[in-house]
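> sequence plus the predicted model coming up.
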Amino acid sequence: MSTAPDQTSAPPVADPVGVRRYLVVVSHPTIRWAFPGSLIARLTQTMVPLALLLFAQEHLGGLGAGGAVVAVYAVTASFGFVVIGRMVDRRGPYVLVIAAVINAAGIIALVVVPAPFIWPLAAVAGVSTPPLGAAIRSVFIRSFGKPSERASALSLDTIGTEVMFIGGPALVAALVVVASPMTALLIAVVVGLVGAGLFAATAGWSKGEQIRATTRHRRLLDRGLLSLAPLLLIVALQMAAVGFIEVGIIARAIELGSTSAAGVLLAVWAAGSVAGGLAFGTRDWPGGIRRQCGVLLGLTGLGFCTLLTGQNLVVLYPLMFLAGLAISPAAATLATICGLLAPAHCRTEAFTWLASATGLGGAGGYALGGVLVSQTNAGTAFLVAAAIPVLAVVLVLTLPARRLSGVTGGGAEDGALLHR
């Protein structure tokens with residue numbers, strides 16, 4: 001008499017918790033090299049604006065001209081990201097290396113040509129800046145199927161981005177002290193080429209993905225990307241609020257008679273963002289991703305509002321840390337929604353639109369915040385910054401849940417997660 005096979009199934013393996021979630025991310029065969037490559041390349045992108053500002057100030061005579069050159073670089077980069085991202089989806093990650101080479105050539109030429117040519121070369125360098133942040137996020141979405149893994153990966157990415165935005169300007173400042181802005185620019189070029197090469201060599205797109213992307217990218221704008229418009233507005237609003245806060249903090253430090261404290265306050269703010277991002281990625285949180293995003297944006301506004309009570313530096317330091325806690329988690333949820341809504345064949349392009357909205361929103365916040373602070377005071381900037389996320393929350397909550405639950409960017413699990 002035959003024995004019936006054992007029908008007892010093995011218990012499901014529980015998802016890791018805590019720091020082990022990040023270990024799962026960084027130990028993935030593709031991510032273990034592609035992620036460091038993207039961070040190295042993005043270090044360049046945090047170095048170039050400050051180094052370019054200081055270089056242009058020396059050669060064009062003043063911070064005003066230097067700031068205008070950086071603006072040319074930043075605006076052209078925002079548009080170039082989208083074009084390069086689309087080409088990456090169609091042709092693979094080595095497009096990023098070609099872009100990095102053109103970017104490097106533009107920066108090298110910029111430091112040796114006569115002053116009038118700095119402007120067009122800044123545009124060349126900007127428009128060819130490789131969108132490594134968008135590319136690695138596309139790899140994360142493709143590499144991790146579980147929402148918990150994606151959340152941890154995207155949290156880790158926002159944390160890494162925060163660290164690069166702290167480390168890049170600090171490295172430029174050190175290089176300027178021991179050498180010159182030109183040296184900082186040239187070192188940034190080398191770092192960017194190394195990072196882009198490492199990413200491209202380890203994060204290859206499959207041939208099938210490239211064929212599907214080439215077949216479907218026939219319109220100027222894929223119809224599937226149109227659903228991202230409300231999300232891009234939310235991101236732009238959130239980054240405008242961040243710009244208002246940065247300008248407001250500088251103004252408040254001046255009001256308190258300690259201009260040097262501004263840099264420390266912004267560093268404490270970034271540390272709060274890093275701490276919040278680390279905590280967010282270590283566990284599952286209640287509610288779907290849409291609800292989480294709305295809550296985190298609301299907490300961001302609340303944190304910004306508390307800065308109104310910081311009338312001296314002793315109180316302002318802990319308030320800045322608290323005001324930063326929700327920023328990285330909110331950014332991670334926005335990136336998750338983008339990855340889930342975007343069609344699989346144009347995810348990199350979708351993330352470049354997100355990056356462009358980030359850059360343009362931040363620039364708008366800086367510009368409007370500067371005007372507002374010059375006419376009023378730092379408190380007004382804090383008040384406006386606290387109000388902006390409230391509008392973003394409304395936009396998140398009015399996104400059509402039915403359309404979100406029917407996305408093609410993720411599996412059924414992702415659709416259910418968004419629908420809740």
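Alright, I've got the coordinates.

> so this protein: which segments form each domain?
19-218, 222-420 (automatic domain parsing).

> can you tell me which of the ones you listed the model trusts least?
Among those, domain 222-420 carries the lowest mean pLDDT, at a mean of 82.

> mind putting the domains of the chain in a markdown table, mean neighbour count included?
C-beta coordinates here come from the backbone N, C-alpha and C atoms, glycine included. Converted to a markdown table, the domains of the chain look like this (neighbours: other C-beta atoms under 10 Å):
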| stretch | mean neighbour count |
| --- | --- |
| domain 19-218 | 20 |
| domain 222-420 | 20 |
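
> helix, strand or coil: sort out residue 265 for me.
Of the three states, residue 265 takes helix under DSSP: H, G, I helix; E, B strand; the rest coil.

> would you mind pulling up the elements that whichever strand or helix holds residue 162 packs against?
Here residue 162 sits within helix 147-178, counting by DSSP states H and E. If you count contacts as 3 or more C-beta pairs under 8 Å, 6 or more residues apart in numbering; DSSP states H and E, helix 147-178 packs onto helix 20-26, helix 31-60, helix 132-143, helix 181-202, helix 261-280, helix 327-341, helix 412-419.

> can we see that at 6 Å?
The helices and strands touching helix 147-178, judged by 3 or more C-beta pairs under 6 Å, 6 or more residues apart in numbering; DSSP states H and E, are helix 20-26, helix 31-60, helix 181-202, helix 261-280, helix 327-341.

> tell me what angle that helix forms with helix 31-60.
30 degrees (axes from the mean of the first three to the mean of the last three C-alpha atoms, to 10 degrees).

> quick one: contacts of stretch 270-279?
155, 158, 159, 162, 166, 321, 324, 325, 326, 327, 328, 329 (C-beta atoms under 6 Å, 6 or more residues apart in numbering).

> could you dump these to a markdown table with distance to residue 380?
Shown next, in a markdown table, are these (distance: C-beta to C-beta, whole Å):
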| residue | distance to residue 380 |
| --- | --- |
| 155 | 32 |
| 158 | 28 |
| 159 | 31 |
| 162 | 26 |
| 166 | 27 |
| 321 | 23 |
| 324 | 21 |
| 325 | 23 |
| 326 | 22 |
| 327 | 21 |
| 328 | 26 |
| 329 | 27 |
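
> so the nearest residue to residue 110 once chain neighbours are set aside is in which element?
Among residues not flanking residue 110 along the chain, residue 121 sits closest, at 4.1 Å (C-beta to C-beta, 6 or more residues apart in numbering). Residue 121 is part of helix 118-127, with elements assigned from DSSP H and E.

> what is that helix packed up against?
helix 63-91, helix 94-110.

> re earlier: among the helices and strands packed on helix 147-178, which is nearest residue 359?
Closest of the helices and strands packed on helix 147-178 to residue 359 is helix 31-60, at 10.4 Å (criterion: C-beta to C-beta).

> quick one: the helices in the stretch 201-350 of the chain?
Counting by DSSP state H, counting those that start in this stretch, residue ranges of the helices within the stretch 201-350 of the chain are 207-216, 229-255, 261-280, 289-306, 313-324, 327-341, 347-375.
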